[in-house]
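Asker: Mind looking at a prediction? Sequence and model below.
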Amino acid sequence: MTLGWRLAPIFFLSLRQFIGGKAVLAVAGLASLPMLFSLIYRINPDIDRPRRYLDDVFTEFMLPSVLPLAVLVLATGAFGDELEDRTLPYLVLKPISRFRIVVEKLLAAVAISAPIVGGFTALSWLFVFWGEAGDNLDMLWGMLAAVAVGTLVYTAVFQFFSLFIQRAILASIIYSLVWETVLGRFIPGLRYASIRHLVSSVYVSVIDDRRIALTGSFGTAGSVTAVLIITAVAVLLGTWRLRRLNIE
C-alpha cells in the first residue's frame, strides 16, 4: 500500500474518498435497476426468448440510461467535490503534474464504478439465463466488455464536464437523457456520433450473433479506438482546464 501510495497518491486518495462517501450507494442503486427486469423475467419467462429479452433490456435501457447515470455520480464528483469543498488548492499544490491528477482521478472513478456496474450486469444475466448460463457466456462477455468500455469513456467525458461546467451533474444528466437516449435514438445519423453507439458496437461485435445486429456498427477495433481517442481528448482538455482554473 505504501508503494502504491507513492506511485499514485491521488488515485488511492480518491478511492478512499469515493468508498467513504454516499456516492457509491447511488452508483449501486442505479446499477441494480436492470436486475428488476431480470427478476420480472424469472417470474414469467414465457414473455419472450431470454436472449432477445436481455438484449432489449441491455441495449435499450442499460447502455443509454443506467450506465451513464451510474457513472456520472463519481465522475462529476471527482473534481466537483474538490471545488465545492474548496480542497482543490491543497491538491494542486502537491508536487504532481496536473495531467497525473486528472488521469488518477479518472482511474479511481473507473475502478469503483466498473466493478459495481459490471457485477450487477452479471447478476442480471445470471437471473435471465438461470439453468442455461453455460450456453450464453458470449452474451455475458459482450455485456461486460461494453460496460468496461462505456464506464471509461463516460467517466472521462463527465469528469471533463465537471471542470468546465459549474452544474456538471445537471449537464451530464441532460447529455445522457437528451443526446444519448432521445436524440441519438430517433434522429437518423446522429446516433453514430453518440457514445452509446460506440459502446453498443463493442457489445454486438463481441457476441457475434446474427440475430442481434446493430446498423452501422463500428466493430470492436473501431469502437475501442474511438473510445480511446475521446478519452484522451477529454483528459487533455481537462488537464488544460485544471492548469488555468482559478482555485484561489
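Answerer: Received the coordinates, thanks.

Asker: Got the confidence number for the residue nearest the centre of the chain?
Answerer: With distances taken as Cα atoms, centre = their mean, Thr151 lies nearest the centre of the chain, 2.3 Å away. Thr151 carries a pLDDT value of 95.

Asker: how deep is Leu236 tucked in, by neighbour count?
Answerer: Other residues within reach of Leu236, judged by other Cβ atoms under 10 Å, total 13. For every residue, glycine as well, the C-beta is placed using N, CA and C.

Asker: Poorly predicted segments of this structure, please.
Answerer: Residue ranges of the chain with pLDDT under 70: 1-7, 80-95, 133, 183-192, 209-217, 245-248.

Asker: What distance do you get for Ser172 to Tyr203?
Answerer: 22 Å (Cβ to Cβ, to the nearest Å).

Asker: Looking at these two, which is more packed in?
Answerer: Tyr203 (28 against 25).

Asker: who touches the more buried one in this structure?
Answerer: Contact partners of Tyr203, counting by Cβ atoms under 8 Å, 6 or more residues apart in numbering, are 58-59, 63, 142-143, 145-146, 214.

Asker: mind redoing it with 10 Å?
Answerer: Shown in contact with Tyr203 (Cβ atoms under 10 Å, 6 or more residues apart in numbering): 55, 58-59, 62-63, 139, 141-147, 149-150, 212, 214, 217, 220, 223.

Asker: re earlier: for the residue nearest to the centre of the chain, give its distance to Val73.
Answerer: From Thr151 to Val73 the distance is 12 Å (Cβ to Cβ).

Asker: any shared contact partners between these two?
Answerer: 109, 112-113.

Asker: if we can go back for a sec, in helices, which of the contacts of Tyr203 appear?
Answerer: 55, 139, 141-147, 149-150, 220, 223 (DSSP state H).

Asker: I appreciate the help and will end here.
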